[in-house]
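> here is a sequence with its predicted model. Questions after.
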Amino acid sequence: MPASFVENYKVSHRHPLNRLSHSTGIPLILISLPLFFFNWRWALGCFAAGWVFQFIGHAIEGNRPAFFGNPLYLLVGPLWLLRYAAAALGFLSAERRNK
């Protein structure tokens, strides 16, 4: 993923409540995808709840989701969250996460 995508994503997600909402919403969306094979009702609920968290976060931040401008940002969000979690668990230095 080009660095400009990640940098732009970071700029659009500075407010702590927006980051918290994305830290909840992104996993819900990702979990919902394979869950559709087992229980479509739970999957649909997780998927919808995840997007509600995302849009609430952007309302708090006062900006539009980046994927409205470029759908590749749908991949940047999970990458950002994975790097953030890896740094929090000590698998990735905070310095490297911020690159």
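Alright, I've got the coordinates.

> next, the residue most central in space within the chain: secondary structure please.
Closest to where the C-alpha atoms of the chain average out (CA atoms, centre = their mean) is Gly77, at 3.7 Å. Under DSSP: H, G, I helix; E, B strand; the rest coil, the three-state class of Gly77 is helix.

> find the nearest non-adjacent residue to it, please.
Excluding the flanking residues, the one nearest Gly77 by CB to CB, 6 or more residues apart in numbering is Ile26, at 5.3 Å. Placement of C-beta: from N, CA and C, glycine included.

> what strand or helix carries that neighbour?
With the criterion set as DSSP states H and E, the secondary-structure element containing Ile26 is helix 16-35.

> which is the next helix or strand following that helix?
Using DSSP H and E, the next helix or strand after helix 16-35 towards the C-terminus is helix 40-61.

> that next one versus helix 16-35: what angle between them?
160 degrees (axes from the mean of the first three to the mean of the last three CA atoms, to 10 degrees).

> so which bits of the helix holding Ile26 are buried?
By neighbour count, with 16 or more other CB atoms under 10 Å as the criterion, the buried positions of helix 16-35 are 18-19, 21-30, 32, 35.

> now what about stretch 45-61, what contacts it?
The list of residues contacting stretch 45-61 from outside it, by CB atoms under 8 Å, 6 or more residues apart in numbering, reads 12-15, 17-22, 24-33, 35, 64-65.

> same check, this time on stretch 18-30
The set of residues that contact stretch 18-30 without belonging to it, under CB under 8 Å, 6+ apart, is 13, 46-47, 49-54, 56-58, 60-61, 77-78, 80-81, 84.

> just the CA atoms of the helix holding Ile26, as CSV, please.
What follows is helix 16-35, C-alpha atoms only, in CSV (Å, rounded to 0.1, in the frame of the first residue of the first chain):
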residue,chain,number,x,y,z
PRO,A,16,-9.5,9.6,19.7
LEU,A,17,-13.2,8.8,19.5
ASN,A,18,-13.0,8.3,15.8
ARG,A,19,-10.0,5.9,16.3
LEU,A,20,-12.0,4.1,19.0
SER,A,21,-15.1,3.8,16.7
HIS,A,22,-12.9,2.4,13.9
SER,A,23,-11.1,0.0,16.3
THR,A,24,-14.6,-1.4,17.0
GLY,A,25,-16.2,-1.1,13.6
ILE,A,26,-13.5,-2.5,11.4
PRO,A,27,-13.2,-5.8,13.3
LEU,A,28,-17.0,-6.2,13.3
ILE,A,29,-17.1,-5.7,9.6
LEU,A,30,-14.2,-8.1,9.0
ILE,A,31,-15.7,-10.8,11.3
SER,A,32,-19.0,-10.5,9.5
LEU,A,33,-17.6,-11.6,6.2
PRO,A,34,-16.8,-15.2,7.0
LEU,A,35,-19.7,-15.3,9.4
